[in-house]
Structures are given as structure tokens and as C-alpha cells.
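In: next come a sequence and a model predicted from it.
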Amino acid sequence: MKKNIKWLLLVSLTIIACNNDDNNNTPEEVPVTPGSAVFTKYVALGDSFAAGYSDNALFKRGQEGSYVNVLAQQFVAAGGGTFTIPYTNDNKGGLLLAGNVIAGTRLYFNGTAPVQLPGTPTTEVTAHLTGAFNNMGIPGAKSFHLVAANYGNVAGVASGAANPYFARFASSSSTTVLADAIAQAPTFFSLFIGGNDVLSYATSGGIGKDQTGNMNPATYGSNDITDPTVFKTVYSGLVAGLTANGAKGVVANLPYITSLPYFTTVPYNPAPLTETLAGQLNAGYAAYNAGLKQMVINQLISQDEATRRTITFKAGNNSVVVVDSYLTNLAAYGLPSYRQATKDDLVVLSARTFIGTTVGGDATKVNGLSVPLADNWVLTKDEVAEVKKATDAYNIAIKAIADEKGLAFVDTGSVLKQLSSGGIKFGNFTITSNYVTGGAFSLDGIHPSARGYALIANIFVDAINTKFGATLRHVDLSTYPIQYPGTLQ
């Protein structure tokens, strides 16, 4: 990482001007100004980060703490106007569709572990909100969804053809997110989109397809990786539409998934074993290991692959056993595609309560050990590489389009990497990406906490000030909580 990253430091943006009056040496604050930007009508486009999604749900307090709402509050002192939000009904979170629960309530920490808030959601998707909304952050949206007609059609929500969050406030059933944003004639916009174009593939453990080379998003599955050319084309169209009438804006690139605690909290070797248990497991895999040796003799796999696939346990901590579809398929010879995880594999957060459980109460069938973890529990090394390759391609496109259109650019990737490699200091605090305790992320391990969103707002402020000569100020991160309590009014 480059050392010259002063703009990342969480220091006050207050600029001190010395008074020339010898009788008064009190520093004066430079007034907050917009520079060449115009914040009169600010519209924010994006996904769950822009919406303020947190603790695995969208709820009022989280929406209030979204980075775009924090930004809008900072814009007020520089001429910013009203910023409207399509609020949910309460602080429980979750959604109903015709009375049926389609999204659960938020998580909270009960003193021992993250648990789901009891109760039933009250936010009904079919209860349509009227009016234009400045916050156009749509949880679950991929890049191409922002230009997809009928994405807010409530009739398509049940089948997955439409988005329930957008259906609540879309101006019509056939409109697009971009069209509703442009209709507000923004003078300034923010665009932070693209995370879901790889994230759903990653959180599913790679259950999906890398659609590189497929230019038709209508044929994609919900967990597929978006083709980089599709992303670039869509992103360029979004920016072209938003800037057509002279609006200025700020855009952000995408962090690697390895910066998110959802993928870094559960170790690849979490299984402590006694020598006796290790020996029992080794006996269980003896036939599998012998079969691998025979495959080498038959020249069906290399010795290197056989070594990688060989499963052995010892006393102490051990790697979990996983199913890896990238291995040579030996099913015709009675050998499954098993191997033990390495540090290059990412075990997803949800596996923390699954590894070590038994199948049907049978003590000989332990998930992750005698029973290998299915694909959905682990993002393998090869799948991680696919996600990284797509993310890199998206980020190249974002930066090039930002430069071409003269937009402020936020390097969120560098900031989140810093959070996951030591953290960022502010005042007497340090904020990190550590799950539960780090302060940057909420209990779902993917979305920021209120403090994490405030940090994002501050780095957006830095980028806007640098590009447009504004003098917007940071917010004080210590005033934002790292967790929401179970009871919120």
C-alpha cells in the first residue's frame, strides 16, 4: 500500500486561519463552502450500503445512519437541500409481501452472540410510498438493475423479477431506478454500485456462475458474477444519464471481499482434535486416500493434485474438509472431490454455527470433519480468484469513467483494506473490521455499522473537497454507535 494516503486519516477537515489582529490570536474556522459543486438537489444511487442496510436488515435507525444521509447533513452547511428517505415502518427491520414475511428482522447482540430480534416485521411492500426520494439506495441491486425496467413492479417481487425495496417507492411499475433519479434533476449525485455483482456469488460460497463473456444479464442467475463489459457499459450509461444536465458527483470503487468479516472471521482450521479423534478420522478417510494413490498410478491425476486432495488429521487444530468442484472429477471411479481447506480458502460467517454439528445426532457424522462442507459453506481459492478478477475489472472501469466525466473518486477498497489490516485510529479509538468488536461492521459481517457508515461519509467528504474545492467537514465518529441495542424507539 502506498504510504502517501494522508486523505485517509480521520482528522478534522477544519482549516485554521490565523487572525492578523495582534490583540486576538483565536483561530478562525474557514466557512463551509461547496466549491464548484452545487448541493441544492442531492440524489444518491447505490445498493444496500447507500440504503443504510445493517445487521442483516433495513430499519429506520439504520437508514438515518446511512453514509448518504450523513453526507446530506454535511451538505446543508454548503447549500444542500432536503434529503428524503423511503423509511421503513419501524426499527425491527424485515419485510412483508401481502402479509407474508419475505425478509426477517434485524440482528442484535444479546450479550453472548448475535441473534435475530423477535417479532414480526410491519413494513408491507404493497403499501406503496408516494413522492420522490433522494436516497435511491436499493438493497440487493446489481449494476444492471439500476437501468432495468419493471425492477420496482410489485407483481414481480414474489418471483424475484423485481426488488421489494424499490417496489415500495418506485414512481411506476415500469420505471427504472436511474429514470426516477434523473426525474429529480439532481445538481449533485453519489454512485456506489457494483458490490452485489460479485457479492451474491461470494456469500453463496460460489454457487453460481462467472458470466464473463455473456452480455445478456437477463439470462443471469441471482448468484452469478456480472460480465465486466456489461458492468462497464451499464456504469457508463448511469454516469452519462446523471451528468447529462451538468450535475457533478462522486463515485466509489469496490473493496475486495477479503476486507469483509463475513469471509475472514471463521478460520480454515477451526477443529481442535485429540489424538484419538484424529486417528478415528484418518481411518475413515484411509480408503479415499488410497484411491487417490491409485489414480496417480493410472495417470488420471498428478501427484501434486493427489497430495492436495489427501486428507490427514493430527492432534490440535485441523483444517475442515470441503467439497471442491475445481478438482478433477473422479466420480466415475468412486472418489468424490474432497480436500482439506487452506489459508487461501474463505469459510463464510454462517458456517461458524454449522461446523462441528452432527448429522441427525450421529456422533460419527460431524460436519466439516467426517462429513465434508458443501460448496455453499466455503469460497475456494479458485472462486476467490474469480471474484477478485471481476472486482479489478469493475474498478478499472469506475476510475476511468470518473476521470472522463470529472467526478470525485473514492477509493473505498484502500480504506477497507486498512480496516482489515490494523485498523484506522481517530482520537482515542481504533476502528477495525474485526467481527462484533471492531466497530466498522454490523453483525451481519458485510454491511457497516453506524460508525462504519460515518467513516465512509468522511472519505466521501475528502474526495469531494479535493475534486471540487469544497470545505465540507468530517463528522465525529465517536458519536456514532458500533452496535444497535435490542430495543430501539
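Out: The structure has been received and is ready for your questions. Numbering: from 1, shown residues only.
In: with only the CA atoms kept, save stretch 254-267 in CSV.
Out: Taking C-alpha atoms only, stretch 254-267 is exported to CSV below (Å, rounded to 0.1, in the frame of the first residue of the first chain):
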residue,chain,number,x,y,z
LEU,A,254,-15.3,-1.6,-4.7
PRO,A,255,-13.4,-3.3,-1.9
TYR,A,256,-12.2,-6.9,-2.1
ILE,A,257,-14.4,-9.4,-0.3
THR,A,258,-11.4,-10.3,1.8
SER,A,259,-11.9,-6.9,3.6
LEU,A,260,-15.3,-8.1,4.9
PRO,A,261,-15.6,-10.1,8.2
TYR,A,262,-18.2,-12.3,6.6
PHE,A,263,-15.2,-14.0,4.9
THR,A,264,-12.4,-13.6,7.4
THR,A,265,-13.9,-14.5,10.8
VAL,A,266,-14.2,-18.3,10.6
PRO,A,267,-10.7,-19.8,10.2
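In: contacts for that stretch?
Out: Stretch 254-267 has contacts (C-beta atoms under 8 Å, 6 or more residues apart in numbering) with 194-195, 198-199, 202-203, 346-349, 351-352, 355, 379, 384, 387-388, 391, 394-395, 398, 412-413, 415-417, 419-420, 433-435, 438, 441, 444-446. All C-beta spots, glycine's among them, are computed from the backbone N, C-alpha and C.
In: centre of the chain to that stretch, how far?
Out: In terms of C-alpha atoms, centre = their mean, to the nearest Å, the centre of stretch 254-267 is set 9 Å apart from its chain centre.
In: buried residues, that stretch. List them.
Out: 254-266 (16 or more other C-beta atoms under 10 Å).
In: just the ones of these in helices?
Out: P261, Y262, F263, T264 (DSSP state H).
In: so what's the closest residue to N153 other than its chain neighbours up against?
Out: Distances taken as C-beta to C-beta, 6 or more residues apart in numbering put S173 closest to N153, at 4.0 Å, once the chain neighbours are dropped. Neighbouring residues of S173 by C-beta under 8 Å, 6+ apart: N150, G152, N153, V154, A155.
In: just the buried residues of those residues.
Out: Buried subset of those (neighbour count, 16+ other C-beta under 10 Å): N150, G152, N153, V154.
In: now those as TSV including secondary structure?
Out: Shown next, in TSV, are the buried ones among the contacts of S173 (DSSP: H, G, I helix; E, B strand; the rest coil):
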residue	secondary structure
N150	coil
G152	coil
N153	coil
V154	helix
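In: same question for stretch 304-319, mean pLDDT?
Out: Mean per-residue pLDDT for stretch 304-319: 96.
In: whoops, stretch 393-408 was the one
Out: In this model, stretch 393-408 has a mean pLDDT of 98.
In: contacts for it, please.
Out: Outside stretch 393-408, the residues within contact range by C-beta under 8 Å, 6+ apart are 194, 197-198, 228, 231-232, 235-236, 239-240, 243, 248-254, 409, 413, 460, 463-464, 466-468.
In: among these, which are located in strands?
Out: Under the assignment DSSP state E, the contacts of stretch 393-408 contribute K248, G249, V250, V251, A252, F409 to strands.
In: so which of these wins on neighbours?
Out: Neighbour count (other C-beta atoms under 10 Å) singles out A252 as the most crowded of the ones in strands among the contacts of stretch 393-408, with 29 neighbours.
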